[in-house]
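*Asks:* Next one to model:
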Amino acid sequence: MDGKSLTASFCHLWTDHFNLECSYLNQEISSVNRKQLLLCLSAGLVAGFLLCSWFSSSLPEKTMRVEFVNTTDVMLNSLQLDFGNAQGQTSLLSLRLAPGERRTLLLNHEPGAGFNVVARYADGVEQDFCANRGEQGQQQEVILRR
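*Replies:* Model (predicted):
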């Protein structure tokens with residue numbers, strides 16, 4: 001074998017070996033990156049879930065989460081809520097609550113103070129009442145019946 005052939009063979013062997021080493025290293029790096037990525041994603045999901053559950057369960061002091069339940073067999077065209085205190089008055093309108101449907105509304109209103117509700121049904125019936133006066137707690141429910 002002459003010098004050129006020997007050099008070419010050596011270069012060929014070296015290149016093959018180097019390519020094999022590089023592909024092995026790439027696989028190792030890829031598997032490490034995949035593991036780190038999965039770990040980071042998992043940690044992010046857990047942290048997101050914990051933050052969402054903490055924020056969704058805690059409400060500001062003078063705030064209520066009120067769930068309205070239409071237990072009738074008639075579509076509720078609208079729910080109008082009026083509530084206030086010494087500093088102001090608020091009016092809130094919620095539209096179309098189907099029979100059996102539930103809807104949660106957040107009210108910037110002190111629990112126990114009550115609020116006025118006007119429920120207008122698709123068949124023309126209208127109910128006007130004061131809801132949850134004296135009812136304590138930030139999680140409340142109003143069941144609509146006829």
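
*Asks:* which ones are touching residue 141?
*Replies:* 66-69 (Cβ atoms under 8 Å, 6 or more residues apart in numbering). Using the backbone N, CA and C atoms, a C-beta is placed for each residue, glycine as well.

*Asks:* Quick check on those residues: which are buried?
*Replies:* By neighbour count, with 16 or more other Cβ atoms under 10 Å, the contacts of residue 141 hold 66, 68 as buried.

*Asks:* mind listing which of the contacts of residue 141 are in strands?
*Replies:* 66-69 (DSSP state E).

*Asks:* which among those gets closest to residue 119?
*Replies:* residue 68 (8.5 Å; Cβ to Cβ).

*Asks:* what sits against the closest residue to residue 144 other than its chain neighbours?
*Replies:* Closest residue to residue 144 apart from its sequence neighbours, by Cβ to Cβ, 6 or more residues apart in numbering: residue 70 at 5.1 Å. Counting by Cβ under 8 Å, 6+ apart, residue 70 touches 76, 97-102, 144.
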